[in-house]
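S.K.: Model the structure of this input:
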Amino acid sequence: METDFISKHKDSDTFIIKKSSFFEAPVHLKGNLIVGSSCNFWSDLATTGSLQLGKGTTVKGSVRAASAIIGAHSVIEGSVKTEHDCTVLDGARIGGDIVAGGKIMLRPNIKAGIVDAVGNIEITGKSDVAELRAGAKIIATKQ
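M.R.: The predicted model follows:
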């Protein structure tokens, strides 16, 4: 794994990846992760803590995290799986499914397969998803 693009804030156990970075090998980190905008991951991305994926980031594989915020206009070719909550921001494209152990929030113009949450699914605006599976409520609001 290329480490020139990664720094770590030890007090918060948070890794920070510089914007426009790229990784050919899978990235698996123990801790929280903040990814700058327009990064490219050519394989899977996984972290044991929270994930904040920057705007316009591409992941050719799947994403796993304790919780996640998927940045606007990001593209994930695989699935997204979180232990807790997951938020997917405007215009993001998920090639596979989104599965969360908590709630899922979808902003407008999302594309994804099955959206499966143990808690609520909150949808704002129009999204293109194959199926919604909520353990609690599905809440839809206009944009």
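S.K.: May I ask which helix or strand of this structure has the lowest mean pLDDT?
M.R.: strand 6-9 (a mean of 89; mean pLDDT, DSSP states H and E).
S.K.: Next, the buried residues of it.
M.R.: Applying a neighbour-count criterion of 16 or more other Cβ atoms under 10 Å, one finds residue 6 buried in strand 6-9. No exception for glycine: its C-beta is placed from N, CA and C like everyone else's.
S.K.: For it, C-alpha coordinates in PDB please.
M.R.: Taking only C-alpha atoms (Å, rounded to 0.1, in the frame of the first residue of the first chain), the coordinates of strand 6-9 have been written out as PDB:
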ATOM      1  CA  ILE A   6      -1.700   8.800   4.100                       C
ATOM      2  CA  SER A   7      -1.100  10.600   7.300                       C
ATOM      3  CA  LYS A   8      -2.400   9.700  10.800                       C
ATOM      4  CA  HIS A   9      -3.800  11.800  13.600                       C
END
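S.K.: Remind me what that strand packs against, helices and strands.
M.R.: When contacts are defined as 3 or more Cβ pairs under 8 Å, 6 or more residues apart in numbering; DSSP states H and E, strand 6-9 sits against strand 14-17.
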